[in-house]
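K.L.:
let me see the structure of the following:
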Amino acid sequence: MSHYDCPCMEKCPLHWAMSRIGGKWKVQILCSVTNAGTIRYNALRGKLVGISNTVLASSLRELERDGLILRREYLEVFRQTAIYLTAEVDITPLYRHTKAWGEKLYPALIWCAAAVLNRHVHFRYGRDEAGRIGIWDVLHPYYTVPRRDAPDLFAMKVTRFMPDYDVFRQDFQADYARAETCGRLLCDETLPPNVCGISAMPGLAFSAFSFGGDPKPDFTPFILLGKVHPAGDRMVLPVGGEFAHAVNDGGHISGFFKELEETAAKLFPD
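P.N.:
All right, here's what the predicted structure looks like:
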């Protein structure tokens, strides 16, 4: 009987490991990926002298299948390209609840938008200080607050996102109060890199928006909230979004608006 027929081989951790990283290239691939943290395909191939595209692609698929690496698609052709979309989101259940209980609508909308973004990897792409592409564990909402000293101006404040809305709301209320009286545009002296911008134009039921100027350099969506207004027996909210086309396609973006409506409807169960 050969040692390959031995029953103990099925449970041998060394045999298991070698069946997944054996061969000429897989250990070298893993070392290169581990040292780089995040690395593009062509950069990885450049570190592996002599490997062919066929072998590298096959080895990466096998390593991904075995859970040893994580691969994400980044569309270089759409680098720095943004998609702008605006949709009316039905927030009737949320609006009626906040009115009935005397609660503020703004923190609930901020939380709902941030909750949807945090549920999905494709909305959490970012770059570290070295410019390497990766995925944030969490995005914290960075939002606008009207200033008491100049009501026509606003301050920007970040509140740490918490999955529990009640905990988030308490933190938001304290942060909002500080931002109202900070007397400047940027309320926080330092910002975490993993923020998602959320702004509001509560006096305008807009139907479209976009930014001018330079192409979008980052991957994080920017969300703009408009004026809540009636539409028949519903209360709707214009929501605009800026999305990085390098990591978000039409399916991701339409899903954001659909899930935002669903999240708002379920925030306060009957």
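K.L.:
any low-confidence regions in the stretch 151-270 of the chain?
P.N.:
Low-confidence segments of the stretch 151-270 of the chain, defined by pLDDT under 70, span residues 213, 215.
K.L.:
and the strands in it?
P.N.:
154-158, 195-200, 222-225, 229-231, 234-244 (DSSP state E, counting those that start in this stretch).
K.L.:
mean neighbour count and distance to Asp90 added to the ones you listed, as CSV?
P.N.:
Yep, even glycine has a C-beta here, placed from its N, CA and C like the rest. Listed next are the strands of the stretch 151-270 of the chain as CSV, based on neighbours: other CB atoms under 10 Å; distance: least, CB to CB, whole Å:
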stretch, mean neighbour count, distance to Asp90
strand 154-158, 21, 27
strand 195-200, 20, 18
strand 222-225, 22, 14
strand 229-231, 11, 8
strand 234-244, 21, 5
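K.L.:
what about those strands, which gets the closest to Ala208?
P.N.:
With CB to CB as the measure, strand 234-244 is the member of the strands of the stretch 151-270 of the chain nearest Ala208 (7.3 Å).
K.L.:
and the closest one, how far out from the chain's middle?
P.N.:
In terms of CA atoms, centre = their mean, to the nearest Å, the centre of strand 234-244 is found 16 Å from the chain centre.
K.L.:
if we can go back for a sec, tell me which of the strands of the stretch 151-270 of the chain sits nearest to Lys258.
P.N.:
strand 234-244 (11.3 Å).
K.L.:
for the closest one, packing partners?
P.N.:
Packing partners of strand 234-244 (3 or more CB pairs under 8 Å, 6 or more residues apart in numbering; DSSP states H and E): strand 82-90, helix 92-101, strand 222-225, strand 229-231, helix 250-266.
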